[in-house]
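> Fold the stuff below for me.
(one chain, ligands or ions: 1)
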Amino acid sequence: MEGFKTIIEPFKIKMVEPIKLSTKEERKQYLKEAYFNPFLLESDKVLIDLLTDSGTSAMSANQWAGIMQGDESYAGARSWIRMRDTIMDLTGFKHILPTHQGRAAERILYGYLGGKGKTFISNTLFDTTRANIEFSGSEGIDIPIEEGKHPEVLHPFKGNMDVKKLEEIITEKGSDNIAGVILTVTNNSGGGQPVSMENAKAVSEICKKHHVKLYLDCCRIAENSYFVKHRESGFESTSYKEIAQQMFSLCDGAIMSAKKDALVNMGGFLAINDDELNEKLQNLLIITEGFATYGGLSGRDMEAIAIGLNEVFEPDYLQYRIRSTAYLGDRLEKIGIPIMRPTGGHAVYIDAKALYPQIPLDEYPGQALVCNLYLEGGIRAVEIGSVMFGKYNKHHQLIPASMELVRLAIPRRVYTQSHMDFVIEVFEKIWQHKDKAQGLKITYEQPFLRHFTAHFESFI
Ligand code: F0G
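Next comes the predicted model:
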């Protein structure tokens, strides 16, 4: 609303889902039972769940109406046609393959293109993307711009890829060994930071020059478009959807986890132009996901995706979405909490290394913060640091991740400003007790994606 400071939620609430309050004593016990890993907590024991923005959106009345209209036919369902046409219109790609979520599309595309001796290059690969690439025997190289690696440094497009390094790596490895370049928008693991159109164009030109394929990991493409419109000159009067369309037009294909910007609880897709590649991938799709006109999805899911993909580009929604995330970031900064600046699209990222300098990296300052947030206020967040991305050297010493972040991911259309005000109050307590915070030790872990299932021992 023009002339007002308050950005209101642009929706009314028609259905509510109660959340349970708990005492600190109870939370201490729950956390112990979950081995100090919030992924292992039962959601009923969480008050405000900021673990992820993935699959946690509240659907609109229109989407729920669409669910009732879902066509569950095995082949050629009406809901499939609707989803396919919506994606074709948005992305401009010729072949659309539905999958049950993003990582299924990743396994199909990157598993096929990858293999031993191959390299994928990205601004930053998300954890499942990296896992699928490494599982295929390939290596994944992250080359965000330098500013993107420093939480305190301000830059309008911290998600950008270092184009100089991109050209160097392609030249050094040889084009034939590059299985693909992946531009993640917004850059989730790099702090939910946007990628500019200028950067996407430069990346695309380099890829074309060297005959290397460029794929867009587009699960937060609408949020990225918001930043392009408001931060990059020349896009002031371009619509959010047109900005997204321009970005797709620079690429050879895209993968989307629809659980983010398609505003649904489950779904994904792969979109490409290459006919021959499509034939191969469709085969893989049918073997493990489902027939080509549903992938792993039910008709009602596809219906909801088709509707959500349009709703997400509505200007009132996008303004509320980005400004409400910034509201949380701004208030935390005011308290003194070191955050990744500027605030990204779907989440606020806390720099746990700066908040808890007394905790050594091999005692995981991010995990300590995640545990303290739960203990203080029943808030569930996720560590994006050395628990998620750390590796070991041959003496089993930790090779830490480049940053120790904690992500407060905001589910879409789920929490109100008073929920966020509560989160801010919990952080006031975190700030007061920061000098007393202690680290944790890992007592159990798996070789891939260890953060999901790891057990910790705490000094709490
Ligand atoms: N790519 C990005 C950039 C993601 O953020 C995710 C998921 C995926 C791919 C995989 O999609 O979950 O549907 O298989 N991110 C979630 C998160 C899990 O919490 O950020 P998926």
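> Report the strands that pair with the helix or strand hosting Arg407, each with its relative direction.
Using DSSP states H and E, Arg407 falls within strand 405-409. Counting by DSSP bridges, the strands paired with strand 405-409 are strand 347-351 (antiparallel), strand 382-384 (antiparallel).
> Deepest-packed of those, please.
Most buried of the strands paired with strand 405-409, by mean neighbour count (mean count of other Cβ atoms under 10 Å): strand 347-351, with a mean of 28. (C-beta placed from N, C-alpha, C; glycine too.)
> and the top strand by length along the chain, which strands flank it?
Assignment by DSSP state E gives strand 178-184 as the longest strand of the chain. If you go by DSSP bridges, strand 178-184 pairs up with strand 119-122 (parallel), strand 214-217 (parallel).
> Now do the contacts for Met105.
Quick fix: residue 105 is Ala, not Met. 97, 99, 255-257, 268-270 (Cβ atoms under 8 Å, 6 or more residues apart in numbering).
> rerun that using 7 Å as the cut-off
By Cβ atoms under 7 Å, 6 or more residues apart in numbering, the contact set of Ala105 is 99, 255, 268-270.
> returning to what we had before: any chance of the strands paired with strand 405-409 in a markdown table, with distance to Ala409 and mean pLDDT too?
Conversion of the strands paired with strand 405-409 to a markdown table gives the following (distance: least, Cβ to Cβ, whole Å; pLDDT from 0 to 100):
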| stretch | distance to Ala409 | mean pLDDT |
| --- | --- | --- |
| strand 347-351 | 4 | 96 |
| strand 382-384 | 7 | 94 |
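> Looking at the strands paired with strand 178-184, which is nearest to the ligand?
The ligand lies closest, by Cβ to the nearest ligand atom, to one member of the strands paired with strand 178-184: strand 214-217, at 4.8 Å.
> Skip ahead from that closest one and say which helix or strand is next.
Criterion used, DSSP H and E; the element after strand 214-217 is helix 221-231.
> Same question for the helix or strand following that next one: list its buried residues.
Moving toward the C-terminus from helix 221-231, the next helix or strand (DSSP H and E) is helix 240-249. For helix 240-249, burial by neighbour count (16 or more other Cβ atoms under 10 Å) applies to 240-241, 243-248.
> contact partners of the helix or strand following helix 240-249?
Going down the chain from helix 240-249, the next helix or strand is strand 253-257, by DSSP H and E. Strand 253-257 is touched from outside by 54, 91, 93, 101-102, 105-106, 109, 215-219, 248, 268-273, with contacts defined as Cβ under 7 Å, 6+ apart.
> Tell me the backbone dihedrals of Gly295, please.
phi 50, psi -130 (degrees, to the nearest 10).
> quick one: pLDDT of it?
Looking at Gly295, its pLDDT is 96.
> Could you report the neighbour count for the closest residue to the ligand within the stretch 201-350 of the chain?
Per Cβ to the nearest ligand atom, the residue of the stretch 201-350 of the chain with the smallest distance to the ligand is Ser257, at 3.1 Å. Number of residues near Ser257 (other Cβ atoms under 10 Å) recorded here: 28.
> Find the residue closest to it in space, skipping its chain neighbours.
In space, Ser257 comes closest to Gly102 once its chain neighbours are excluded; the distance is 2.7 Å by Cβ to Cβ, 6 or more residues apart in numbering.
> quick one, helices of the stretch 51-200 of the chain?
Applying DSSP state H, counting those that start in this stretch to the stretch 51-200 of the chain gives helices spanning 61-68, 78-91, 102-113, 127-135, 163-173, 197-209.
> hang on, the earlier thing: near the ligand too, which of the contacts of strand 253-257?
Filtering the contacts of strand 253-257 for neighbours of the ligand using Cβ under 6 Å from any ligand atom leaves 54, 101-102, 217, 219, 268.
> Turn those residues into JSON lines, including neighbour count and pLDDT.
Formatted as JSON lines, those follow (neighbours: other Cβ atoms under 10 Å; pLDDT from 0 to 100):
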{"residue": "Ser54", "neighbour count": "20", "pLDDT": "98"}
{"residue": "Gln101", "neighbour count": "22", "pLDDT": "97"}
{"residue": "Gly102", "neighbour count": "26", "pLDDT": "98"}
{"residue": "Asp217", "neighbour count": "26", "pLDDT": "98"}
{"residue": "Cys219", "neighbour count": "28", "pLDDT": "97"}
{"residue": "Gly268", "neighbour count": "29", "pLDDT": "98"}
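> Which of those residues sits closest to Glu314?
Nearest to Glu314 among these: Cys219, at 18.0 Å, using Cβ to Cβ.
> Does the closest one touch Gly102 like I think?
Yes: at 6.0 Å, Cys219 counts as touching Gly102 under the criterion of Cβ atoms under 7 Å.
> quick revisit: the helix or strand following the strand holding Arg407: how far from the chain's middle?
The C-terminal neighbour of strand 405-409 among helices and strands, as given by DSSP H and E, is helix 417-432. Remark: helix 417-432 is offset 23 Å from the chain centroid, using Cα atoms, centre = their mean, to the nearest Å.
> Now do the buried residues in helix 417-432.
Result for helix 417-432 [16+ other Cβ under 10 Å]: buried residues 419-420, 422-424, 426-427, 430.
> shouldn't Ala244 be in contact with Leu90?
Yes: when contacts are counted by Cβ under 7 Å, Ala244 is listed as touching Leu90 (6.4 Å).
> Run through the residues of this protein sitting next to the ligand.
Applying Cβ under 6 Å from any ligand atom, we find that the chain lies next to the ligand at 52, 54, 101-103, 126, 128-129, 184, 188, 217, 219, 257, 259, 268.
> quick one: which of these is nearest to Pro151?
Asn188 (14.9 Å).
> In the stretch 351-460 of the chain, what residue lies closest to the ligand?
Ala409 (6.0 Å).
> check contacts around that residue.
Contacts of Ala409 by Cβ under 7 Å, 6+ apart are 50-53, 346-347.
> same question, Leu97
Contact analysis of Leu97 by Cβ under 7 Å, 6+ apart lists 269-270, 281-282, 285, 292, 295.
> what pairs with it across the strands?
Beta-bridge partners of Leu97, counted by DSSP bridges, are Leu270.
> And for Leu398?
Tyr392.
> if we can go back for a sec, would you mind giving the strands paired with strand 178-184 as JSON lines with distance to Gly174 added?
JSON lines is the format used below for those (distance: least, Cβ to Cβ, whole Å):
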{"stretch": "strand 119-122", "distance to Gly174": "10"}
{"stretch": "strand 214-217", "distance to Gly174": "17"}
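> Show me the shaky parts of this protein.
Flagging of the chain using pLDDT under 70 yields the residue ranges 459-460.
> domain parsing for it?
24-53+314-458, 61-311 (automatic domain parsing).
> Smallest distance to the ligand belongs to which residue of the stretch 1-150 of the chain?
Counting by Cβ to the nearest ligand atom, the stretch 1-150 of the chain gets nearest to the ligand through Gly102 (2.5 Å).
> Phi first, then psi, for the nearest residue in space to Lys213 that is not next to it in sequence.
Among residues not flanking Lys213 along the chain, Asp252 sits closest, at 4.4 Å (Cβ to Cβ, 6+ apart). Dihedral pair for Asp252: phi -90, psi -10, per degrees, to the nearest 10.
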